[in-house]
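*Asks:* Show me how the following folds:
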Amino acid sequence: MKTIKEITERLQNTKIPEPWMDELKEDSRAGVKNELERWRRRYEKQLIKEAAYMEKKEFDASHMPYDGALLAGIDEAGRGPLAGPVVCAAVILPRETQILIGLDDSKKISKPERNRLAELIKQIAVSYSIHIQSSERIDELNIYSATKKSMETAIEDLQVRPDIVLADAMPLHVSCKAVSVVKGDAKSLAIAAASILAKTTRDTLMEQWHEKYPMYNFKQNAGYGTEEHVEALHAFGPCEIHRKTFEPVKSVMERGLFANEPSDDQSSHWGSPHTK
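*Replies:* Residues are numbered from 1 along each chain as shown. Here you go, the predicted model:
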């Protein structure tokens, strides 16, 4: 009779149900029953991930004008925060993408998993582009127009021209056919991939800004208007990356509460867009 440790190790290396596992159902040891139940839950979770992956892949395939067409997905991160840029990413995925099973809307995935997937996406992508739209530009244009222009720039910056673009709930004017998809990051594999690149890039930028302005806790809130962030805004005033046309930033500025005068040009701090 195998020990519970031996059974556990074998189960951990088993991906699909196998005949030998039927014998475990008759094993009276509580430890064996617990390990078998853990395996069953892992397996069911994996089946759900695989089904979701296939749905997203089929959704993308249904929009391709011909077999082998190049489809780009595009998404943004950071439309709602009080501070920081909006980041847009465009991605063209290859035909073989099974390595991305589990890819979903970036908000539904843990940070370590997002970072892991982001590196995979960059490695396997036919092409990808990331555009960073500064808070200054957001104030100049308004958030909708700034996001739209950033998305269009990210598409045009792709080093490989796509045949069609799927955008997450945004009508675009680009040099190829573009389709706006409501809740696209939950439906399209390419949009979900773009969502991952946009969010991980923006999170990294906000962590860098946290080092300069720790009082706002950008590392935790990513510039969103949490209670702690708003309290710091009232206590210290806005910094250089706060969006001056957003409330309550605008009202705080009108009362003359400034802790730090803008010092660095944001575009030079963030550097050039990332492309492949």
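*Asks:* Can you tell me how far Ala154 is from Leu205?
*Replies:* Ala154 sits 15 Å away from Leu205, going by Cβ to Cβ, to the nearest Å. For every residue, glycine as well, the C-beta is placed using N, CA and C.
*Asks:* buried stuff in stretch 50-64?
*Replies:* Neighbour-count burial for stretch 50-64, counted by 16 or more other Cβ atoms under 10 Å, picks out Ala52, Tyr53, Lys56, Lys57, Phe59, Asp60, His63.
*Asks:* circling back: between Ala154 and Leu205, which one's more packed in?
*Replies:* More neighbours surround Ala154 than the other of Ala154 and Leu205, with 33 against 24 (other Cβ atoms under 10 Å).
*Asks:* so where's the stretch 101-250 of the chain shaky on pLDDT?
*Replies:* Residues of the stretch 101-250 of the chain meeting the criterion pLDDT under 70: none.
*Asks:* those helices in it, which residues are they?
*Replies:* All helices of the stretch 101-250 of the chain, identified by DSSP state H, counting those that start in this stretch, fall at 111-124, 135-141, 143-156, 189-212, 218-221, 227-236, 249-254.
*Asks:* Mean neighbour count, these: which tops it?
*Replies:* Compared across the helices of the stretch 101-250 of the chain, helix 189-212 shows the largest average neighbour count, a mean of 24 (mean count of other Cβ atoms under 10 Å).
*Asks:* That one packs against which elements?
*Replies:* helix 30-62, strand 71-77, strand 86-92, helix 111-124, strand 127-133, strand 164-168, helix 218-221 (3 or more Cβ pairs under 8 Å, 6 or more residues apart in numbering; DSSP states H and E).
*Asks:* could I get these as CSV with distance to Ile241?
*Replies:* Listed next are those as CSV, based on distance: least, Cβ to Cβ, whole Å:
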stretch, distance to Ile241
helix 30-62, 34
strand 71-77, 15
strand 86-92, 12
helix 111-124, 21
strand 127-133, 12
strand 164-168, 24
helix 218-221, 8
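*Asks:* Contact partners for the closest residue to Leu36 other than its chain neighbours?
*Replies:* Distances taken as Cβ to Cβ, 6 or more residues apart in numbering place Leu24 nearest to Leu36, at 5.1 Å, with adjacent residues excluded. Applying Cβ atoms under 8 Å, 6 or more residues apart in numbering, we find Leu24 in contact with Ile7, Val32, Leu36.
*Asks:* now do Ile92
*Replies:* Per Cβ under 8 Å, 6+ apart, neighbours of Ile92: Leu70, Leu71, Ala72, Ala125, Val126, Ser127, Tyr128, Leu158, Val160, Pro162, Ala190.
*Asks:* And the pLDDT at the third one?
*Replies:* To tie it back to what came earlier, the one meant is Ala72. On pLDDT, Ala72 comes in at 98.
*Asks:* Would you mind confirming that it is in contact with Glu156?
*Replies:* No: with contacts counted by Cβ atoms under 8 Å, Ala72 stays clear of Glu156, the gap being 10.8 Å.
*Asks:* wait, what's in contact with the residue nearest to Leu93 when sequence neighbours are not counted?
*Replies:* Nearest residue to Leu93, sequence neighbours excluded (Cβ to Cβ, 6+ apart): Ala190, at 5.5 Å. Contact analysis of Ala190 by Cβ under 8 Å, 6+ apart lists Asp60, Leu71, Ala72, Gly73, Val91, Ile92, Leu93, Leu166.
*Asks:* change it to 6 Å
*Replies:* Ala190 makes contact with Asp60, Leu71, Gly73, Val91, Leu93, Leu166 under the criterion Cβ atoms under 6 Å, 6 or more residues apart in numbering.
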